[in-house]
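In: When you get a sec, could you give me coordinates for this:
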Amino acid sequence: MAKVKIQGNAAGSGVFTVTSPVSNTNRTITLPDSTSTLLASDGSGANLTSLPADSTKLPLAGGTLTGALSGTTGAFSGTITANGQAQLNNNNLIGLNTGATSEWIAKRTSSGEGIHISTTNASGADTQRLAITCNADTTNFLIKASNVGIGVTPETWSSDRAAIQLGTSSGGTAAFYSTHDSAGMSENLYNNSGDKYINTSHATQYYQTDGSHVWKVAASGSADAAISWKHSMSIDNDANLSLYHDDSNHSSGDKWIYFRHNGATIGSITQSGTSATAFNTSSDHRLKENVNYTWDATTRLKQLKPARFNFISDDTNTLVDGFLAHEVSSIVPEAISGTKDAVDSDGNVDPQGIDQSKLVPLLVKTIQELEARITALES
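Out: Reported below is the predicted structural model:
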């Protein structure tokens, strides 16, 4: 049978007292096998003053707490602190590496929908710097923060926008953002009382709003300076495509659309004056060979069959002038695209097309030949 030894301390004059409980229920103190020291119930190391009504074991310095620590908000008051590194108070707040109640950073939400991480004060007021809420009843996952940086500290965006900014340790200028009625992506842009450059460089932007799509570009500007955008292209909610500039620095001949093949320009749409456009195909003499000016145009022109007709899809049966594509293909093949009677994989008509401007050289040459004949007859 183990022995119980009560030994006084020669260096002290205090009295060790064991008092029976004021109840009819027995109380038991169980000591661990290893040498340890009993602590007071408040963990302070002071004299042990009382035993919990339902406890059979006590926490020990150097030992292990066994059993459960439980209670309700009403039953628990004050703060539990572990070495100043973790704290728990009766507002269901947990603080990590904090020394002030205003720095509690984690709690279970009052509605019980998961874990809510944020910067709060001790009374539970949430500043909502960052909150992550996972609803236990759904698959929703919410990051409750206006701006999020991945690989980079985000810029300060306007309060009416939520943004995700991407980057690396050397900086980041790509962003995805949303407002109450639009969403977009950008490069070298943040919005804070207007659009501004993140770094000193060019900027681009694409966004959707009210069913429309808009692309914008901007010349190089200084970091944090206001951006002066130029519209590049837009598609409205009626599917109308627009290409335009927002300034008057463009003149006749400026190219709006390039067509390129193997790195070389083969055509373009250019500005003509300030009120018109020109549709161009490559015609540079440096691109051509086997040039011949003596050929018979009149004979070929007489083979063409100009006609009047209406399109089947036109309910008004409006007559127009033109050609049937396959009737032109053998005379001016470069004017025709597609194959006669072709269909797509679903059996729908894959129509031939005609570029009637390709007939102009034939017309001009025929007129020249007729002019020569008239001159010969007149003389």
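In: isn't residue 167 right next to residue 175, touching?
Out: No - in this structure residue 167 lies outside contact range of residue 175 using CB atoms under 8 Å: 9.2 Å. In this view, the C-beta of every residue, glycine as well, is placed from N, C-alpha and C.
In: If you count surrounding residues, which of those two has more?
Out: Looking at residue 167 and residue 175 with other CB atoms under 10 Å, you find the greater number of neighbours at residue 175, namely 27 against 17.
In: mind listing what the more buried one touches?
Out: The neighbours of residue 175, taking CB atoms under 8 Å, 6 or more residues apart in numbering as the test, are 154, 163-166, 185-187, 189-190.
In: cutoff 7 Å now
Out: The neighbourhood of residue 175, defined by CB atoms under 7 Å, 6 or more residues apart in numbering, consists of 163-165, 185-186, 189-190.
In: Could you turn the buried ones of the residues you listed into a ChimeraX selection?
Out: For selection in ChimeraX, the members of the contacts of residue 175 meeting the burial criterion (16 or more other CB atoms under 10 Å) are listed in this command:
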select :163,164,165,186,189,190
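In: Save the contacts of residue 175 as CSV, and put in pLDDT too.
Out: As requested, the contacts of residue 175 are arranged in CSV below (pLDDT from 0 to 100):
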residue, pLDDT
163, 92
164, 92
165, 92
185, 95
186, 94
189, 93
190, 93
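In: Quick check: of the contacts of residue 175, which lies closest to residue 210?
Out: Sorting those by how near they are to residue 210, with CB to CB, puts residue 185 at the top with 17.5 Å.
In: That closest one belongs to a strand, doesn't it?
Out: Yes - checked against DSSP: H, G, I helix; E, B strand; the rest coil, residue 185 lies within a strand.
In: What's opposite it in the beta bridge?
Out: When bridges are assigned using DSSP bridges, the partners listed for residue 185 are residue 176, residue 206.
In: So it sits against residue 206, correct?
Out: Yes - contact between residue 185 and residue 206 holds when scored by CB atoms under 7 Å: they sit 5.5 Å apart.
In: does residue 299 sit in a helix or strand, and which one?
Out: helix 298-301 (DSSP states H and E).
In: which phi and psi does the residue nearest to residue 273 when sequence neighbours are not counted have?
Out: Once flanking residues are discounted, residue 273 sits nearest to residue 252: 5.0 Å by CB to CB, 6 or more residues apart in numbering. Backbone geometry at residue 252, expressed as degrees, to the nearest 10, gives phi -60, psi 130.
In: From residue 258, how far out is residue 252?
Out: In this structure, residue 252 and residue 258 are separated by 17 Å, where distance is defined by CB to CB, to the nearest Å.
In: what's the answer for residue 299, then?
Out: Relative to residue 258, residue 299 is positioned 38 Å away (CB to CB).
In: pLDDT score assigned to residue 253?
Out: Reading off the confidence values, residue 253 has pLDDT 83.
In: List the contacts of the residue lying closest to it once chain neighbours are set aside.
Out: Leaving aside its sequence neighbours, residue 253 sits nearest to residue 270 (CB to CB, 6+ apart; 5.7 Å). Contacts for residue 270 (CB under 7 Å, 6+ apart) come out as 253-256, 277-278, 280.
In: count of residues packed around residue 266?
Out: If we define neighbours as other CB under 10 Å, then residue 266 has 13 of them.
In: Can you name the residues that contact it?
Out: Counting by CB under 7 Å, 6+ apart, the residues that residue 266 touches are 259-260, 282.
In: please redo it, this time with the cut-off set to 6 Å
Out: For residue 266, the contact set (CB atoms under 6 Å, 6 or more residues apart in numbering) comprises 259, 282.
In: Now do the same for it: helix, strand or coil?
Out: Of the three states, residue 266 takes strand according to three-state DSSP.
In: Now do it, the pLDDT please.
Out: At residue 266, the model reports a pLDDT of 93.
In: measure it to residue 253 for me?
Out: In this structure, residue 266 and residue 253 are separated by 17 Å, where distance is defined by CB to CB.
In: Check the secondary structure at residue 251 for me.
Out: Applying three-state DSSP: residue 251 is coil.
In: Neighbours of residue 303, how many?
Out: Other residues lying near residue 303 total 11 when counted by other CB under 10 Å.
In: typo on my end, it should be residue 305
Out: The burial count for residue 305: 10, using other CB under 10 Å.
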